[in-house]
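Q: With the input below, show me the fold.
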Amino acid sequence: MEFIYEAFQYIANVFGSISDFFMSIPDLILEVFTYAWYWGIKLYLSIKISMVEMAYEIVSMILTDYEVYTVLNAAFNNLAPDLRHAAYQLGVVDAIRIVIDGLATAFVLRIMGW
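A: Numbers count the residues shown, from 1 in each chain. Sure thing, here's the model as predicted:
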């Protein structure tokens, strides 16, 4: 008699496990979509970052070809020595270069369709 009871218990456990599997399918689907969105957003952000890096490389080549930094250095070299020294010490030259790089990068990104 004990054997029959254990057999019925085993069959009940099997059907319970099957029921649990089917009840967990919505959670599984939600987790799959969450994981897919995670990777999609990660891919989107990495593409955007690589596009900005590529735009900066293009800007560096353009600014080198048009000798923008040479003109900037010549303009600062025409300043009085005291003023030129103060500008270099305060980082004005580097700040102007960063602004020029940013504006040129924004220009290239607009051309690329951003």
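
Q: Please make it C-alpha for all contacts and neighbour counts, starting now.
A: OK.

Q: Moving C-terminal from the longest helix belonging to the chain, which element do we reach first?
A: Counting by DSSP state H, the longest helix found in the chain is helix 25-65. Where DSSP states H and E defines the elements, the next helix or strand beyond helix 25-65 is helix 68-77.

Q: Could you pull up phi and psi at Ser24?
A: phi -90, psi 0 (degrees, to the nearest 10).

Q: Distance check, it against Glu31.
A: The spacing between Ser24 and Glu31, counted by CA to CA, to the nearest Å, is 11 Å.

Q: now Met1
A: 44 Å.

Q: who's more crowded, the two?
A: Glu31 (12 against 5; other CA atoms under 10 Å).

Q: Please, which helix or strand holds His85?
A: For His85, the enclosing helix or strand under DSSP H and E is helix 81-90.

Q: tell me the centre residue of the chain?
A: In the chain, the C-alpha nearest the mean C-alpha coordinate belongs to Leu45, at 3.4 Å (CA atoms, centre = their mean).

Q: pLDDT score for that one?
A: Leu45 carries a pLDDT value of 98.

Q: Likewise for Phe8?
A: The model's pLDDT for Phe8 equals 84.

Q: what do you get for Tyr5?
A: Looking at Tyr5, its pLDDT stands at 85.

Q: can you offset everything so residue one is 19?
A: With the count now opening at 19, the last piece we talked about shows up as Tyr23.

Q: so how far is Ala30 from it?
A: Counting by CA to CA, the gap from Tyr23 to Ala30 is 10 Å.

Q: Identify the contacts common to those two.
A: By CA atoms under 8 Å, 6 or more residues apart in numbering, Tyr23 and Ala30 have no common neighbours.

Q: Okay then, goodbye and thanks.
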